[in-house]
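Undergrad: would you be able to build a 3D model of this:
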Amino acid sequence: MANLLPDYDVIVVGAGHAGCEAACAAAHLGSHTLLITLDMNKIAQMSCNPAIGGIAKGQIVREIDALGGLTGIVTDQSSIQFRMLNRSKGPAMWSPRSQCDRMKFSANWRYQLEHTDGLDMWQDDVVELVVKDGQVYGVKTALGVVFNAKRVILTNGTFLNGLMHIGRVSFEGGRISEPASHGLTAQLCSLGFETGRMKTGTPVRIDGKSIDFSKLTEQGGDNDFHCFSYLHYDYRNTLIQRPCYMAYTNEAVHHALRQGFTDSPLFNGTIQSVGPRYCPSIETKLNTFADRTSHHLFLEPEGETTTEFYLNGFSSSLPWDVQLTGLRLIEGFENVRIFRPGYAIEYDYFPPTQLYHTLETKLIQGLYFAGQINGTTGYEEAAAQGLVAGINAAMEVLGK
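TA: Next up is the predicted model:
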């Protein structure tokens with residue numbers, strides 16, 4: 001029987017921000033590339049904050065753009081607010097940031113992938129690498145399909161043995177309502193890789209119809225609309241532009257949230273892993289800055305027309321009722337309704353000292369890691385690593 005599947009130059013596992021950039025970069029450089037993802041309807045999902053850029057991140061997107069990556073272009077196509085942060089300071093401190101329509105961002109990335117020559121996609125779960133004599137030769141999926149390739153890039157995000165926590169309730173998953181991925185960590189450990197666990201989290205999602213916006217401080221975008229990408233400088237965004245809003249916690253909120261600390265997986269020993277430095281949970285902030293009587297919150301729209309809002313600064317894994325009780329003590333949130341509570345997620349990662357600067361692993365030739373599998377945090381850093389891995393994998397295939 002004839003082989004029904006082609007041999008690929010590069011296989012990318014995972015279609016998050018790292019995977020999308022890696023796949024497009026490899027294909028653009030002439031490599032026959034396959035992108036494998038658990039769900040083709042969740043491509044480049046903005047799992048947490050529906051925004052790109054900001055302090056320490058905006059310049060990364062501009063660098064991706066300069067190298068021919070697509071994150072800046074997709075962001076501009078999906079933007080519902082653009083702000084240059086820190087304009088009160090010198091130009092070296094300015095930070096471009098774009099609020100995005102979450103659904104359009106994913107759809108625009110999928111369009112880019114589907115219209116990239118030399119790039120195929122397959123919906124499945126990769127459970128095993130094909131490895132022989134210290135060299136990777138492809139992947140095996142949960143459906144039992146084996147794909148052959150000269151290079152493999154793993155961009156698994158938070159899905160490797162993902163475990164989510166809301167108070168004392170824990171359940172498996174890579175994101176809310178999405179399954180975890182099993183098999184790869186055990187195999188990589190058997191091949192000699194060091195692994196660890198990391199934690200990240202996300203805030204409550206809020207029904208905007210239940211908010212009294214008159215009690216909040218409106219924060220609009222820049223009137224002189226900017227773009228992230230210089231590759232399509234004549235582009236004009238036609239999406240409805242929407243404001244964000246500032247709110248503040250208070251001592252009553254802090255007291256209510258502290259009542260749930262005994263049930264917090266961060267404090268009761270359930271979570272042992274390390275969290276990212278730059279987006280602490282609200283309970284971590286209350287614990288670390290116990291003298292603070294108030295914390296900034298930013299209420300941000302999730303899209304052009306949706307009533308769903310993201311509460312930036314309120315990342316939490318406290319019990320759902322504790323989260324809701326605390327929210328209703330915030331001015332303007334007295335009658336708030338939520339779509340779902342915040343949660344924490346633990347997942348496997350591999351310390352990046354096991355990589356060369358090309359992001360190829362030192363133990364297995366032809367195998368690359370990019371994004372949260374390396375312990376990163378944020379879409380921008382993941383996308384940049386995906387771009388670097390995709391470029392280097394394709395260059396190796398081409399003998400350059």
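Undergrad: just give me the longest helix of this structure.
TA: In the chain, taking DSSP state H as the definition, the longest helix is helix 379-397.
Undergrad: okay, now Gln272: neighbour count?
TA: For Gln272, the neighbour count with other C-beta atoms under 10 Å is 9. (Glycine included, C-beta is placed from N, CA and C.)
Undergrad: what's the local residue count around Leu67?
TA: By other C-beta under 10 Å, neighbour count at Leu67 equals 12.
Undergrad: check what pLDDT the closest residue to it other than its chain neighbours gets.
TA: Spatial nearest neighbour of Leu67, excluding adjacent residues (C-beta to C-beta, 6 or more residues apart in numbering): Leu387 at 6.0 Å. On pLDDT, Leu387 comes in at 98.
Undergrad: my guess is Leu387 meets Gly69, correct?
TA: Yes. The pair Leu387 / Gly69 is scored as a contact, 4.5 Å apart, by C-beta atoms under 8 Å.
Undergrad: which neighbours do the two share?
TA: Glu21, Ala25 (C-beta atoms under 8 Å, 6 or more residues apart in numbering).
Undergrad: surely Cys24 is in a helix?
TA: Yes. Under DSSP: H, G, I helix; E, B strand; the rest coil, Cys24 falls within a helix.
Undergrad: starting at the chain centroid, how far to stretch 62-73?
TA: In this view, stretch 62-73 has its centroid 17 Å away from the chain centroid, taken as C-alpha atoms, centre = their mean, to the nearest Å.
Undergrad: which residues touch the helix or strand hosting Leu297?
TA: According to DSSP states H and E, Leu297 maps onto strand 296-301. Strand 296-301 is contacted from outside by 49-51, 80, 99, 206, 208, 211, 216, 219, 242, 244-249, 308-314, 330, using C-beta under 8 Å, 6+ apart.
Undergrad: tell me the strands beside that strand, with direction?
TA: Here strand 296-301 is paired, per DSSP bridges, with strand 244-248 (antiparallel), strand 308-315 (antiparallel).
Undergrad: those helices in the stretch 51-200 of the chain, which residues are they?
TA: Using DSSP state H, counting those that start in this stretch, the helices of the stretch 51-200 of the chain run over 58-66, 71-78, 102-114, 184-190.
Undergrad: looking at those, which is closest to Ala256?
TA: helix 102-114 (29.1 Å; C-beta to C-beta).
Undergrad: quick one: mean pLDDT for the closest one?
TA: The model assigns helix 102-114 a mean pLDDT of 97.
Undergrad: how far does the longest helix of the chain sit from the chain's center?
TA: 16 Å.
Undergrad: what of stretch 229-249?
TA: 19 Å.
Undergrad: can I get it as CSV, trimmed to CA atoms?
TA: C-alpha atoms of stretch 229-249 as CSV (Å, rounded to 0.1, in the frame of the first residue of the first chain):
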residue,chain,number,x,y,z
SER,A,229,3.8,46.2,12.2
TYR,A,230,5.9,48.2,9.8
LEU,A,231,5.3,45.6,7.1
HIS,A,232,1.9,46.9,6.2
TYR,A,233,2.2,50.6,7.1
ASP,A,234,-0.8,51.5,4.9
TYR,A,235,-3.1,49.2,6.9
ARG,A,236,-6.2,50.9,8.4
ASN,A,237,-8.1,49.1,11.2
THR,A,238,-11.9,49.2,10.8
LEU,A,239,-12.9,47.5,14.0
ILE,A,240,-14.9,49.4,16.6
GLN,A,241,-12.5,50.9,19.2
ARG,A,242,-13.4,50.3,22.8
PRO,A,243,-12.2,51.8,26.1
CYS,A,244,-10.8,50.0,29.1
TYR,A,245,-11.7,51.0,32.7
MET,A,246,-9.8,51.4,35.9
ALA,A,247,-11.1,50.1,39.3
TYR,A,248,-9.5,49.7,42.7
THR,A,249,-9.6,47.1,45.4
